[in-house]
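K.L.:
predicted coordinates and the sequence they were generated for:
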Amino acid sequence: MAAAAPAFTGNLKKALAGLRRINLDGLRWRVFDAKGQVLGRLASQIAVVLQGKDKPTYAPHVENGDMCIVLNAKDISITGRKMTDKIYYWHTGYIGHLKERRLKDQMERDPTEVIRKAVMRMLPRNRLRDDRDRKLRIFSGNEHPFHDRPLEPFVMPPRQVREMRPRARRALIRAQKKEQANRAAAESAKDEEDGKTGKAEVTV
């Protein structure tokens, strides 16, 4: 017997807001696990799915993206010094009321907004933007109220060497060459040992 889905303890009204305005017929429900994922790389993959660019029927003027559910937003990985150096700015509309908030403070306040801002700033600013925003559901933990939907876990593509920074790329290449050299040395040692064993058998 299958185990019952855990009850959703978050804000259910916020989690289900705007679903009635989305035509869910034929849409896939893609689940992204943000735990340990780099913020920018995860956001770029979510933006691709929201726009439907992973489908052969993609058209820039047609909204055919899938639903995206992002879990464990609080465990997202931030590289470099962005946690303290990245600053979000917004203006209230009053003279001199330019507000700012660092990424570290935003993660403590609401980590879901960090991913939402990263994704939305990768999308084109057109009439389809609001519909794509409604298809994005982000949760700080691993609980969500969509267990009755046909969920499909999204597998992040492997990181390519050409996408790495030069120092990291050189380190990875050195590690690969070292591993190949060790494997070749082990094979040659094994061949020599087999050769000595065969000579000993022939001598006996």
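P.N.:
It's in. Residues are numbered from 1 along each chain as shown.

K.L.:
let's verify the residue positioned nearest the centre of the chain: helix, strand, or coil?
P.N.:
Most central in the chain under CA atoms, centre = their mean is residue 42, positioned 2.7 Å from the mean C-alpha point. Here residue 42 takes the helix state, with states given by DSSP: H, G, I helix; E, B strand; the rest coil.

K.L.:
name the nearest residue to it, sequence neighbours excluded.
P.N.:
Leaving aside its chain neighbours, residue 42 sits nearest to residue 34 (5.8 Å; criterion: CB to CB, 6 or more residues apart in numbering). All C-beta spots, glycine's among them, are computed from the backbone N, C-alpha and C.

K.L.:
residues near that neighbour, how many?
P.N.:
The number of residues packed near residue 34 is 26, by other CB atoms under 10 Å.

K.L.:
kindly report the same for the one 4 residues further on.
P.N.:
Other residues near residue 38 come to 15 when the count uses other CB under 10 Å.

K.L.:
who's in contact with the nearest residue to it once chain neighbours are set aside?
P.N.:
Counting by CB to CB, 6+ apart, residue 77 is the residue found nearest to residue 38 once chain neighbours are left out, at 5.1 Å. Shown in contact with residue 77 (CB atoms under 8 Å, 6 or more residues apart in numbering): 36-39.

K.L.:
ok, 10 Å please
P.N.:
Contact analysis of residue 77 by CB atoms under 10 Å, 6 or more residues apart in numbering lists 34-42.

K.L.:
between the residues you listed, which is nearest residue 193?
P.N.:
The closest of those to residue 193 turns out to be residue 36 (CB to CB; 42.1 Å).

K.L.:
the closest one: what secondary structure?
P.N.:
coil.

K.L.:
returning to what we had before: which of the contacts of residue 77 sit farthest apart?
P.N.:
35 and 40 (15.9 Å).
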